[in-house]
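# Sequence plus the predicted model coming up.
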Amino acid sequence: MAISPALSASLTAVGTIMGQANDPWWIIASAAVALHGADPGHVADVDVLLSAADANRILPTIGVAVRGGSAHATFRSSIFGSWPGTMLPVEFMADFQHRSGGEWLPVQPATRQAIKVDAAMVFVPEKAELQAMLVAFGRPKDIERARSLAAVL
């Protein structure tokens, strides 16, 4: 599956700015599904997991206010910032968690696969880990993305 020009341009911008990171970081959710060659459905934005230290250092350099929380009832992070400076919005999340039942569970990938997009390098969890993450999120669109990943050899 080819990624759209808008996603490619946004991922290239992320890879370029995240070249300043000191800690591991990842693209997750729909953009990561597309990078694995599966059909992600609609890709509305690019989700980036990063460390709090990198968020506090990098986000101000691109004009993104560093703030906490999330507007979604099943997701939260200690730092959240949205960067509208790319073709698709980019959402940066540090100490990201998802709600499962009555508890908050950390989302911290253990695997890290490098993928080159144009002149930039981006990182995603390996396919099986990303698939498990999406299933754990439990939303219908995430379950469908997990199924799509499973179909990719």
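Okay, I see it.
# what comes up buried for the biggest helix by length in the chain?
Assignment by DSSP state H gives helix 5-17 as the longest helix of the chain. For helix 5-17, burial by neighbour count (16 or more other C-beta atoms under 10 Å) applies to Leu7, Ser8, Ala9, Ser10, Leu11, Thr12, Ala13, Val14, Gly15, Ile17. C-beta: built from backbone N, CA, C; applies to glycine.
# ok now do the fifth one, which residues does it touch?
To tie it back to what came earlier, the one meant is Leu11. With contact taken as C-beta atoms under 8 Å, 6 or more residues apart in numbering, Leu11 is in contact with Ile3, Ile27, Ala31, Leu35, Val46, Val117, Asp118, Ala120, Val122.
# Identify those among those residues that sit within strands.
Ile27, Val46, Val117, Ala120, Val122 (DSSP state E).
# quick one: pLDDT of the last one?
Right, Val122. Per-residue pLDDT puts Val122 at 98.
# show me the residues around it that make contact.
Here Val122 is in contact with Leu11, Val14, Gly15, Met18, Ile27, Leu35, Ala114, Ile115, Lys116 (C-beta under 8 Å, 6+ apart).
# For the closest residue to it other than its chain neighbours, give its distance to Trp25.
Leaving aside its sequence neighbours, Val122 sits nearest to Gly15 (C-beta to C-beta, 6 or more residues apart in numbering; 4.6 Å). Distance of Gly15 to Trp25, computed by C-beta to C-beta, to the nearest Å: 10 Å.
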